[in-house]
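Q: Everything below, folded, please.
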Amino acid sequence: MAIVSDLVCDFPWASAADRANALAALLLTVTRQMFKHVPLALIDATKQGTGKGLLTDLICLILTGRCASAISPDCKDEELNKVLTALLMEGTPIITIDNVERELRFLDSGKNPDQRVS
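A: Numbers count the residues shown, from 1 in each chain. The predicted model follows:
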């Protein structure tokens, strides 16, 4: 656990819970095949430049050997849904939606067309 903990020791965590959630996201990369459903990880901060993208890339590098696929939330929700669907159908394991500053709406397999993600 010390090796994994060392990977995130220099990030400016607001609380011990934030650090624990980051460690959980890291550990999930190597245990995700054990679970039927993998939880969503939300990485946020109170200001820019704190390393959110670096943390996302670290997690993805451990899982895939590559940086995470990043998309912008600046397009309309319908277009964002199409891009997300295409990435998921390709089997993209981690998708970064960077700099989200508005409420996002996604379709959930047609079950709930007004599901909100903030």
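
Q: going forward, measure contacts between C-alpha atoms and count neighbours the same way
A: Fine.

Q: right, and the helix or strand after the helix or strand where Thr85 lies?
A: Counting by DSSP states H and E, the element that carries Thr85 is helix 77-89. Sequence order places strand 95-97 as the next helix or strand after helix 77-89, per DSSP H and E.

Q: Let me see the residues that make contact with that next one.
A: For strand 95-97, the surrounding residues in contact (CA atoms under 8 Å, 6 or more residues apart in numbering) are 56, 68-73, 87.

Q: ok, now with 10 Å
A: For strand 95-97, the surrounding residues in contact (CA atoms under 10 Å, 6 or more residues apart in numbering) are 42-43, 53, 56-57, 60, 67-74, 80, 84, 87-88.

Q: Just those residues: which are in helices?
A: Of those, the ones assigned to helices by DSSP state H are 53, 56-57, 60, 80, 84, 87-88.

Q: now these in TSV, with distance to Lys47 and neighbour count?
A: What follows is those, written out as TSV (distance: CA to CA, whole Å; neighbours: other CA atoms under 10 Å):
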residue	distance to Lys47	neighbour count
Gly53	13	20
Thr56	16	23
Asp57	18	21
Cys60	22	21
Leu80	24	19
Leu84	26	17
Leu87	28	15
Leu88	29	13
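
Q: and which of those residues is nearest Asp98?
A: Of all these, Asp98 sits closest to Gly53, with 7.9 Å by CA to CA.

Q: wait, that closest one sits on Ala70?
A: Yes: counting by CA atoms under 10 Å, Gly53 does reach Ala70; the two are 9.3 Å apart.
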